[in-house]
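Asker: This is a predicted model, with the sequence first.
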Amino acid sequence: MIGADNSKASVIQSAKSSPVPRRNFTLRARSTAPTLSVLAWTDRRASSASRAARVIGAAAALLVLVDCGGPHADGGVHAATAATQGNGALAGTGTSPHATVGANATADASIPAEIARVQAAVSALRGLPFRVAVPSTPQSRDQFRQFVHEDLAHELGPDKNAALSKALAHTGFLPQPLDFAATMEEAETTQVAAYYDPRTGRFHTVAAASNSDERDGVVAHELTHALQHQHFDLIAYDGGSDNQQRLSDDERAARRYVVEGEATFVMLAYQSASGSGRARHLGPLQVAGVRMTLTMLSAVDYVELLALLRTGEGADKLDAEEKEALDQLARLPPLVAVTMVDPYIRGAFLVSEAWARGGWARVARLYHEPPQSTEQVLHPIEKLLEARDPPVAIHLPPPSATAAPRFTSTQPLLQETAGELDWRCYFKTWGDPDPEGAADGWGGDLVTVWERSGKPVAAIATSWDTPADATEFEGAYRLSLSQRFEPRPAKSAELATAVTRVTTTAPTVDGDGQTRWTIRRPDGTLVVVRRRGLDVDILDGARADEVEPLLAMLRAADRKVVVASSPGKPDKVPRHEQAQPTHDRPRGSSSQPPSRLP
């Protein structure tokens with residue numbers, strides 16, 4: 001573990017740098033063609049719904065921008081790995097006495113000299129010793145594809161795969177049903193260049209690097225994961241074997257921002273540093289460069305940037321493998337593509353801000369006191385590092401307790417916390433002009449999907465930080481329904497007349513102040529959106545006779561603010577006992593949200 005005297009390793013000094021404020025930057029990709037090298041850390045037993053965030057995607061999209069940190073020694077842009085190749089990181093003057101490679105690591109003659117050299121540098125930059133050596137093994141793309149196929153088969157049987165796809169498509173998180181296992185297999189096998197397996201303590205290289213700098217960047221990222229596991233236990237941090245800690249997918253996704261963000265941050269430091277091995281170090285200007293780079297990258301719309309890379313002026317410089325990788329990413333829905341990319345760059349921004357506030361000791365606190373939601377890591381300064389904005393945990397009573405209708409399945413197809421990240425993906429899927437704003441102010445949610453006579457029906461409970469946030473979400477969600485259910489432009493008049501359009505009733509206001517909208521889906525079932533105070537509850541696919549019992553179940557939901565009293569032991573406090581946060585809203589000075597629907 002990191003001692004108190006190691007909070008600022010001598011090779012990485014803060015130079016009294018102040019936190020870089022978040023701003024919106026207009027970024028244009030350069031024409032330099034990147035090589036696609038994607039990195040991941042894996043746990044075979046991770047849940048299928050959360051494994052999408054394990055792999056870094058849109059590698060080219062990220063690296064082309066990293067040259068903002070400063071030129072490479074050869075004067076060109078070195079864009080080789082998704083979050084790794086680039087310039088800028090941290091400052092330092094020499095080797096820390098705490099940043100030495102352990103005796104067991106240096107004594108292992110099986111470690112190639114070039115790996116040992118990077119290992120020594122990573123240890124020095126990170127200020128942590130390797131307790132044991134980290135072996136590496138190359139894999140062919142076919143060998144890796146077989147590994148992924150077996151991995152997914154272990155996690156997802158045909159029934160579970162079909163249920164997950166049906167539930168996510170029914171609720172609009174996916175634009176249409178898809179073979180989730182096949183999609184993830186294709187995504188992982190085309191995007192991964194290397195990965196670290198904490199179960200074996202070994203990292204594997206899948207794609208050959210075109211030069212030594214690319215190779216060293218990939219190795220530095222994976223060795224950082226090895227350091228994390230040796231000091232913080234990545235398997236336990238991800239919930240333990242088979243998620244024994246029963247973390248929600250949103251919690252696990254938030255922790256992934258820490259893991260991948262730190263590895264990306266150290267990797268950027270490695271790419272910017274001077275010297276070799278344990279003498280590798282950086283100066284204050286490189287620190288400022290990498291932090292500004294990460295600030296800009298954290299504001300990037302990755303989907304739009306990916307489209308620019310595929311069609312922009314640098315597209316003709318991509319080779320066939322690079323084009324196929326970018327095409328594969330472009331085919332992925334936002335729920336998969338965005339969650340693959342975000343933990344690396346926005347996670348690195350989070351780690352950069354934590355490091356600026358207390359060095360590596362402050363970064364280590366992110367392992368001992370993990371983030372509780374993707375909301376916290378998407379707004380790291382105001383909702384995690386300066387003061388925590390705890391999530392609201394929501395639990396539904398059993399359907400029988402509220403006389404809700406019985407459904408054919410004994411267990412829900414899906415019951416999970418979506419979190420702010422997934423709601424951003426939802427709104428991006430349906431073309432919201434400001435998906436981040438629509439999901440901002442998230443407080444908590446629970447998405448439950450059952451099956452009745454082969455058809456899904458969903459009950460979604462959400463809570464928001466302020467009534468204005470709840471109103472904005474409600475408006476954005478109702479607007480999304482017109483995109484989900486109204487027909488696309490038909491090829492003929494016959495097709496146009498055959499499609500039933502969405503029917504919306506006028507809103508009603510009940511005696512307790514709740515506003516309710518009812519929308520008829522094309523299949524005749526109902527979507528009901530009910531807002532009351534901080535809560536917006538949704539039924540999706542309900543029959544008319546199911547509406548009141550299901551709304552009663554949502555009304556009876558237990559909603560408690562999660563307060564972490566000690567690491568790993570969160571307390572849940574009734575929401576009415578908590579002072580509600582009033583965060584500054586990024587969409588304008590008015591406390592009222594912009595009108596989305598009449």
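Answerer: Right, received. Where do you want to start? Numbers count the residues shown, from 1 in each chain.
Asker: Could you use CA atoms for every contact and neighbour count after this?
Answerer: OK.
Asker: what bits of the stretch 301-450 of the chain have low per-residue confidence?
Answerer: 303, 313-314, 399-410 (pLDDT under 70).
Asker: again, 80 this time
Answerer: 301-330, 398-410 (pLDDT under 80).
Asker: so how many other residues sit close to Ser482?
Answerer: By other C-alpha atoms under 10 Å, 17 other residues sit near Ser482.
Asker: any idea which element it lies in?
Answerer: If you go by DSSP states H and E, Ser482 is part of helix 467-485.
Asker: Same check on Ile115?
Answerer: Using DSSP H and E, Ile115 falls in helix 113-126.
Asker: Check which helices and strands that helix is in contact with.
Answerer: If contacts are counted by 3 or more C-alpha pairs under 8 Å, 6 or more residues apart in numbering; DSSP states H and E, helix 113-126 sits against helix 212-232, helix 249-272.
Asker: Could you identify which of those helices is most buried?
Answerer: Of all these, helix 249-272 has the most neighbours on average by mean count of other C-alpha atoms under 10 Å, namely a mean of 27.
Asker: Show the average pLDDT along it.
Answerer: Computed over helix 249-272, the mean pLDDT rounds to 94.
Asker: what angle do that helix and helix 212-232 make?
Answerer: 130 degrees (axes from the mean of the first three to the mean of the last three C-alpha atoms, to 10 degrees).
Asker: before we move on, the earlier item: please list the residues outside the next helix or strand after the helix holding Ile115 that contact it.
Answerer: Next in sequence after helix 113-126, counting helices and strands by DSSP H and E, comes strand 136-138. With contact meaning C-alpha atoms under 8 Å, 6 or more residues apart in numbering, strand 136-138 is reached by 111, 202-206.
Asker: Give the pairing partners of strand 136-138; include direction for each.
Answerer: Its sheet considered, strand 136-138 pairs with strand 202-205 (parallel) by DSSP bridges.
Asker: For the strand it pairs with, output the C-alpha coordinates as CSV.
Answerer: C-alpha atoms of strand 202-205 as CSV (Å, rounded to 0.1, in the frame of the first residue of the first chain):
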residue,chain,number,x,y,z
ARG,A,202,-0.3,-11.8,-16.7
PHE,A,203,-0.9,-9.4,-19.5
HIS,A,204,-1.4,-10.5,-23.1
THR,A,205,-0.6,-8.6,-26.3
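Asker: What lies in contact with that strand?
Answerer: By C-alpha under 8 Å, 6+ apart, the residues outside strand 202-205 that reach it are 134-139, 193-197, 222-223, 226.
Asker: still on that earlier bit, distance to Val563 for the helices and strands packed on helix 113-126 - can I get that in a markdown table?
Answerer: Compiled in a markdown table, these are given as follows (distance: least, C-alpha to C-alpha, whole Å):
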| stretch | distance to Val563 |
| --- | --- |
| helix 212-232 | 22 |
| helix 249-272 | 14 |
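Asker: quick one: which of the ones you listed is nearest Gly239?
Answerer: helix 249-272 (7.3 Å; C-alpha to C-alpha).
Asker: Give the other helices and strands that that closest one contacts.
Answerer: In this structure, helix 249-272 packs against helix 113-126, helix 212-232, helix 284-297, helix 334-356, helix 374-378, with contacts taken as 3+ C-alpha pairs under 8 Å, 6+ apart.
Asker: Ok, which of the helices and strands packed on helix 113-126 comes nearest Ala330?
Answerer: With C-alpha to C-alpha as the criterion, Ala330 lies closest to helix 249-272 of the helices and strands packed on helix 113-126, at 21.8 Å.
Asker: How is this protein partitioned into domains?
Answerer: 4-381, 392-488+495-577 (automatic domain parsing).
Asker: for the contacts of strand 202-205, which one is nearest Glu260?
Answerer: With C-alpha to C-alpha as the yardstick, the closest approach to Glu260 among these comes from Glu222, at 9.8 Å.
Asker: that older thread, just tell me which of the helices and strands packed on helix 113-126 ends up closest to Gly443.
Answerer: Among these, helix 249-272 sits nearest to Gly443 (C-alpha to C-alpha), with 12.2 Å.
Asker: angle of that closest one against helix 113-126?
Answerer: Inter-element angle recorded for helix 249-272 and helix 113-126: 110 degrees (by the same axes, to 10 degrees).
Asker: Between helix 334-356 and helix 249-272, find me the angle.
Answerer: Using the same axes, to 10 degrees: helix 249-272 against helix 334-356 is 60 degrees.
Asker: and the gap between Trp517 and Ala459?
Answerer: As judged by C-alpha to C-alpha, to the nearest Å, Trp517 and Ala459 stand 15 Å apart.
Asker: I meant to write Ala439 there.
Answerer: 18 Å.
Asker: more crowded one of Trp517 and Ala459?
Answerer: In terms of neighbours (other C-alpha under 10 Å), Ala459 is the more surrounded of Trp517 and Ala459; the figures are 24 against 18.
Asker: so what's that one up against?
Answerer: By C-alpha under 8 Å, 6+ apart, the contact set of Ala459 is 447-449, 537-540, 550, 554.
Asker: wait, what's in contact with Gly277?
Answerer: Here Gly277 is in contact with 117-121, 124 (C-alpha under 8 Å, 6+ apart).
Asker: which one of the residues you listed is nearest Glu304?
Answerer: The closest of the contacts of Gly277 to Glu304 turns out to be Val118 (C-alpha to C-alpha; 34.4 Å).
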